[in-house]
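1. quick one, what's the 3D model for this:
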Amino acid sequence: MGPLHRSPHHEQSAASTGPMPDVGLLSGLRVLVAHPGAELYGSDRVVLESVTGMVDAGAIVEVTVPENGPLIEELERAGATVFVEPALVLRKSMMRPSNWPSAVVLAIRAIAAARRLLRRHPGLVYVNTITLPLWPVLARVRAIPTLTHIHEAEGGASRLLLRALYLPHLCANATVANSDFSRSIAERAYRSLARRTYVIYNGVPGPVAATPARISLEGSPVHLAYVGRLSPRKGTDLVISAAAELIDAGVDLDVDVLGEAFAGYEWYSDELHEAVARRGIDSRVRFLGFRDDVWATLEFADIVVIPSRIGEPFGNTAVEAALAARPLIVSESSGLLEATQGLPGVHRVRPGEAHAIADAVREIVAAWPVERVQAAAAARLASLRFDPERYRGSIVELVAELVHRPSSRSGRRLTGRGAAHVARGGARR
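-> Here you go, the predicted model:
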């Protein structure tokens with residue numbers, strides 16, 4: 001059976017209507033982007049920005065994903081052509097021996113699909129995340145320039161496991177990491193990989209206009225919000241425990257939980273609902289599921305909590321909360337520290353401690369007039385630091401360098417000697 005082929009609606013996304021750096025720099029270049037899903041969470045939204053930038057620079061962009069989902073419509077709107085094809089995506093479930101036979105079958109189907117797409121003669125293959133091990137190898141065999149974009153940072157993994165995960169990506173001509181923390185994990189696997197890794201902070205689109213936090217918290221509950229996947233590593237249960245502690249102490253508070261569980265983690269979602277019922281706070285907690293538009297939830301919120309237990313590679317949701325001008329509580333670890341560095345008014349707590357989250361909420365409520373002003377200042381700074389246009393320009397410039405089309409902007413070139421830090425559109429070696 002042939003591929004399910006989706007053609008673009010020849011129209012630009014709202015995100016691409018601003019100034020477009022280096023228009024025409026990639027004119028006529030065919031880029032094949034391999035992505036492991038079709039939802040609209042962190043890496044999904046980032047690959048959309050990458051595609052938008054390349055299309056705006058004149059590239060013919062084709063994207064392959066293994067399933068249908070809301071990302072496809074957004075990619076088409078940005079001007080890409082989408083193919084829904086089998087792909088070998090590394091999942092934890094593959095570590096179970098009972099799943100090995102099906103993984104082998106899937107790998108065979110994925111190789112056949114990849115060969116079909118590579119016969120379309122792309123000038124560059126863009127592999128989004130390290131969970132797609134076949135693409136760098138197959139592109140290397142055909143001598144096609146390849147760029148891997150690292151969105152992962154498994155800091156708790158053994159070096160042996162990291163070397164296995166990153167091994168296929170040694171075939172890539174260059175890699176991009178979304179934070180210095182992500183690059184440091186790649187370095188634990190292979191120093192040679194880290195030496196040709198560029199750090200480009202994610203471009204995160206903000207709301208059309210950030211609504212300032214309300215002037216006073218008097219007269220209605222404090223609205224707490226969690227945005228992200230429902231999973232133990234994301235610490236969603238810590239928000240529930242902190243909320244229960246605060247409500248038991250007499251704080252008038254409610255919680256919105258925006259997001260869904262990964263496939264296979266439905267049990268965790270069930271446990272969250274059971275915990276809410278057991279603590280008697282059913283009327284105070286709303287599970288909103290997945291919503292494409294996070295801004296309505298963030299606008300309604302007073303305080304946003306990002307309580308990850310395990311190191312985050314970056315922290316898109318933290319940046320979104322900052323862009324929404326809301327006081328923010330984050331775990332004091334990894335990419336979350338990097339994403340929120342220098343943003344005024346961010347409260348950092350020890351990972352895994354619900355009581356620390358509750359204390360941070362109390363501190364914010366007690367100093368609300370100051371907190372809301374600091375949140376507004378953080379929104380202005382975040383909009384500059386994580387400007388999608390700057391992100392797109394950095395990706396386009398790197399792609400151009402890989403296919404030997406150097407940018408004329410500022411007369412500078414990106415090289416693979418050492419890590420180039422291209423955050424906010426500037427290169428630092």
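2. so which elements touch the strand or helix carrying L272?
-> Take DSSP states H and E as the rule and L272 turns out to sit in helix 266-278. Other helices and strands packing on helix 266-278, by 3 or more CB pairs under 8 Å, 6 or more residues apart in numbering; DSSP states H and E, are helix 236-248, strand 285-289. Heads up, the C-betas are built off the backbone N, CA and C, glycines and all.
3. and that helix, average pLDDT?
-> Here helix 266-278 scores 96 as its mean pLDDT.
4. and for stretch 222-230?
-> 96.
5. against E353, how distant is I329?
-> 11 Å (CB to CB, to the nearest Å).
6. who's in contact with the nearest residue to N178 once chain neighbours are set aside?
-> Counting by CB to CB, 6 or more residues apart in numbering, N178 lies nearest to F314, which is 4.5 Å off, once chain neighbours are set aside. Contacts for F314 (CB atoms under 8 Å, 6 or more residues apart in numbering) come out as G42, H151, N178, S179, F181, S182, Y201, N202, G335, E338, A339.
7. between those, which is nearest L288?
-> G42 (17.7 Å; CB to CB).
8. where does the closest residue to the closest one other than its chain neighbours land on pLDDT?
-> If the residues on either side of it in the chain are set aside, G42 comes closest to N316, at 4.4 Å by CB to CB, 6+ apart. Per-residue pLDDT puts N316 at 92.
9. ok, S410 next?
-> Confidence score, pLDDT, at S410: 42.
10. just to confirm, which helix or strand has H223 in it?
-> strand 222-227.
11. cool, and D256?
-> strand 253-258.
12. re earlier: buried residues, the strand holding H223. List them.
-> By 16 or more other CB atoms under 10 Å, the buried positions in strand 222-227 come out as V222, H223, L224, A225, Y226, V227.
13. may I see the buried residues of the host helix or strand of L398?
-> Assigned by DSSP H and E, L398 falls within helix 388-402. Judged by neighbour count using 16+ other CB under 10 Å, the buried positions of helix 388-402 are 388-402.
14. just give me the closest of the contacts of F314 to D270.
-> Nearest member of the contacts of F314 to D270, counting by CB to CB, is G42, at 23.9 Å.
15. which residues touch that closest one?
-> Going by CB under 8 Å, 6+ apart, G42 touches H151, N202, F314, N316, T317.
16. so how far is S179 from it?
-> 12 Å.
17. what of V46?
-> V46 sits 12 Å away from S179, going by CB to CB.
18. repeat for G123
-> In terms of CB to CB, G123 sits 28 Å off from S179.
19. among these two, which residue is more densely surrounded?
-> Under the neighbour definition other CB atoms under 10 Å, G123 and S179 were set side by side, and S179 has more, 26 against 18.
20. distance check, that one against I185.
-> Distance of S179 to I185, computed by CB to CB: 10 Å.
21. ok, now T148?
-> Relative to I185, T148 is positioned 14 Å away (CB to CB).
22. more neighbours: the two, which one.
-> Neighbour count, other CB under 10 Å: between T148 and I185, T148 has more, with 29 against 25.
23. correct me, but that one touches N173?
-> No. The criterion here is CB atoms under 8 Å, and T148 misses it with N173 at 9.0 Å.
24. list the contacts of the closest residue to E67 other than its chain neighbours.
-> Spatial nearest neighbour of E67, chain neighbours left out: A38 (5.2 Å); criterion: CB to CB, 6+ apart. Residues in contact with A38 (CB under 8 Å, 6+ apart) are D44, V65, P66, E67, N68, G69, P70, L71, I72, V84.
25. just give me the neighbour total for the second one.
-> In terms of burial, V65 registers 27 neighbours under the definition other CB under 10 Å.
26. isn't it up against V84?
-> Yes. Because the distance of 6.0 Å satisfies CB under 8 Å, V65 is recorded as touching V84.
27. need the overlap of contacts for those two.
-> A38, I72.
28. quick one on the thing from earlier: of all the contacts of G42, which comes closest to F290?
-> Distance to F290, by CB to CB, is smallest for T317 among the contacts of G42, at 13.0 Å.
29. and the closest one, how far from G42?
-> As judged by CB to CB, T317 and G42 stand 8 Å apart.
30. equivalent analysis for N173, please.
-> Distance of N173 to G42, given as CB to CB: 25 Å.
31. try L298
-> Counting by CB to CB, the separation of L298 from G42 is 15 Å.
32. burial measure for the nearest residue to E353 once chain neighbours are set aside, as a count.
-> In this structure, E353 finds its nearest non-sequential neighbour in L238, 7.5 Å apart by CB to CB, 6+ apart. L238 has 25 neighbours, counted by other CB under 10 Å.
33. touching, L238 and S308? I think so.
-> No. The pair L238 / S308 is not scored as a contact, 9.2 Å apart, by CB under 8 Å.
34. just to revisit the earlier point, with respect to I130, which of the buried residues of strand 222-227 is nearest?
-> V227 (24.4 Å).
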